[in-house]
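K.L.:
Sequence first, predicted model second:
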Amino acid sequence: QVQLVESGGGLVQAGDSLRLSCAVSGRTLSINAMAWFRQVLGKEREFVAVISWTGGSTDSADSVKGRFTISRDNAKNTLYLQMNSLKPEDTAVYYCAARVGGMSRSPDTYNNWGQGTQVNVSS
C-alpha cells in the first residue's frame, strides 16, 4: 500500500506561481509512475502531468505545457508540480496518484490517490 499526501495549494492571482508537493510513503519500491490530475466539481478528473518514478521521463497535457513542470525527488520520496503563469481555468482540486505500471494519462489506471489540494486562481 502507498500513502500520498498533497500540500501547497492556495489562492493566487492570475500570472502567479505555486508549487504543489506530494509526500509518498509505504511501499514506494512498487511505484513506477506518478501523476498529477485535477478536477472541477461536476467534471471528470483531468490529466495534468506524469513522470516515470525511476527514469524521470515526463509527459504533460497540452493545456499546461510550457507552464507546469512535474518533477520528483526520490531521496525525499516527494513528487512536485511547479505551476507558473497560472490562469483562472487552472482552478481545481489537484490530486497526485501512483501506479505500478508505466506512465499513463488515464486516471482509471491509478489505484493510489491522495486526498487532493485546492488551487484557486483569481482573475
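P.N.:
The structure has been received and is ready for your questions. For clarity, every value in this text was computed on a predicted model and none was experimentally measured. Residues are numbered from 1 along each chain as shown.
K.L.:
Would you mind listing the residues in contact with the closest residue in space to S85 that isn't next to it in sequence?
P.N.:
In space, and not counting its chain neighbours, S85 is closest to R67: 4.7 Å by CB to CB, 6 or more residues apart in numbering. All C-beta atoms are positioned from the backbone trio N, CA, C, and that covers glycine. Contacts for R67 (CB atoms under 8 Å, 6 or more residues apart in numbering) come out as M83, N84, S85, L86.
K.L.:
Neighbour-wise, which one of these leads?
P.N.:
Neighbour tally across the contacts of R67 (other CB atoms under 10 Å): the maximum, 25 neighbours, falls on M83.
K.L.:
pretty sure that one contacts L18?
P.N.:
Yes - between M83 and L18 a contact is recorded at 4.9 Å, counting by CB atoms under 8 Å.
K.L.:
between these two, what contacts are shared?
P.N.:
Residues touching both M83 and L18 (CB under 8 Å, 6+ apart): V119.
K.L.:
so R19 sits right up against Q82, yeah?
P.N.:
Yes - R19 is in contact with Q82 according to CB under 8 Å; the separation is 5.1 Å.
K.L.:
can you give me the strands in this protein?
P.N.:
2-7, 10-13, 18-26, 33-39, 46-52, 58-60, 68-73, 78-83, 92-99, 112-113, 117-122 (DSSP state E).
K.L.:
Same list, those, but as TSV with distance to S106 and mean pLDDT please.
P.N.:
Below are those laid out as TSV (distance: least, CB to CB, whole Å; pLDDT from 0 to 100):
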stretch	distance to S106	mean pLDDT
strand 2-7	18	97
strand 10-13	28	98
strand 18-26	19	97
strand 33-39	10	98
strand 46-52	7	97
strand 58-60	12	98
strand 68-73	16	96
strand 78-83	18	98
strand 92-99	10	98
strand 112-113	13	97
strand 117-122	21	98
